[in-house]
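Participant: Below: sequence and its predicted model.
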Amino acid sequence: MDFYLNLLNEKERAPDDAPSIGIILCAEKDNLEVEFALRSKTNPIGVAEYHLQARLPEDLRGKLPSPRQLQQVVRTALPAPAEVGRKGSRK
């Protein structure tokens, strides 16, 4: 986690941005293990236990993008597979 936070802070953080915070999501959390695993870390890191929900809570509906909207964003941001192959080939 420190590697990624250091890289993010060094390469992506703007001068007026606060330092990045790492978040580790765990199916189960053991506070003793977390304490010893993160004791010597210099970057701020949060650890939380998560629980899967079968349905999106009512107060979050309409605030998150739909699967279709996410697909459209990804398709717009990433080149088509055929374009990737052409760019990488040499002739």
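Facilitator: Sure thing, it's come through. Numbering: from 1, shown residues only.

Participant: make it CA atoms for all contacts and neighbour counts henceforth
Facilitator: Will do.

Participant: Who's the closest spatial neighbour of the residue nearest in space to the middle of the chain, skipping the chain neighbours?
Facilitator: The residue lying closest to the centre of the chain (Cα atoms, centre = their mean) is Ile23, at 8.3 Å. Leaving aside its sequence neighbours, Ile23 sits nearest to Gly46 (Cα to Cα, 6 or more residues apart in numbering; 4.7 Å).

Participant: Can I take it that the one you found is in a strand?
Facilitator: Yes. Counting by DSSP: H, G, I helix; E, B strand; the rest coil, Gly46 is found in a strand.

Participant: one step back: my guess is the residue nearest to the centre of the chain contacts Asn43, does it?
Facilitator: No. Contact between Ile23 and Asn43 fails when scored by Cα atoms under 8 Å: they sit 10.8 Å apart.

Participant: what about the residue nearest to Ile23, distance to Ala80?
Facilitator: Distance of Gly46 to Ala80, computed by Cα to Cα, to the nearest Å: 36 Å.

Participant: Any idea how many residues pack against Asn9?
Facilitator: Other residues near Asn9 come to 16 when the count uses other Cα atoms under 10 Å.

Participant: buried sites along the strand or helix carrying it?
Facilitator: In this assignment (DSSP states H and E), Asn9 forms part of helix 2-11. For helix 2-11, the neighbour count (16 or more other Cα atoms under 10 Å) marks 5, 9 as buried.

Participant: Following element in sequence after it, please.
Facilitator: The helix or strand immediately downstream of helix 2-11 is strand 22-26, counting by DSSP H and E.

Participant: Quick check: next helix or strand after that following strand?
Facilitator: Sequence-wise, the next helix or strand downstream of strand 22-26 (DSSP H and E) is helix 31-38.

Participant: Now that next one: buried residues?
Facilitator: For helix 31-38, burial by neighbour count (16+ other Cα under 10 Å) applies to Leu38.

Participant: Could you list the low-confidence segments of this protein?
Facilitator: Counting by pLDDT under 70, the chain shows low-confidence ranges at 81-91.
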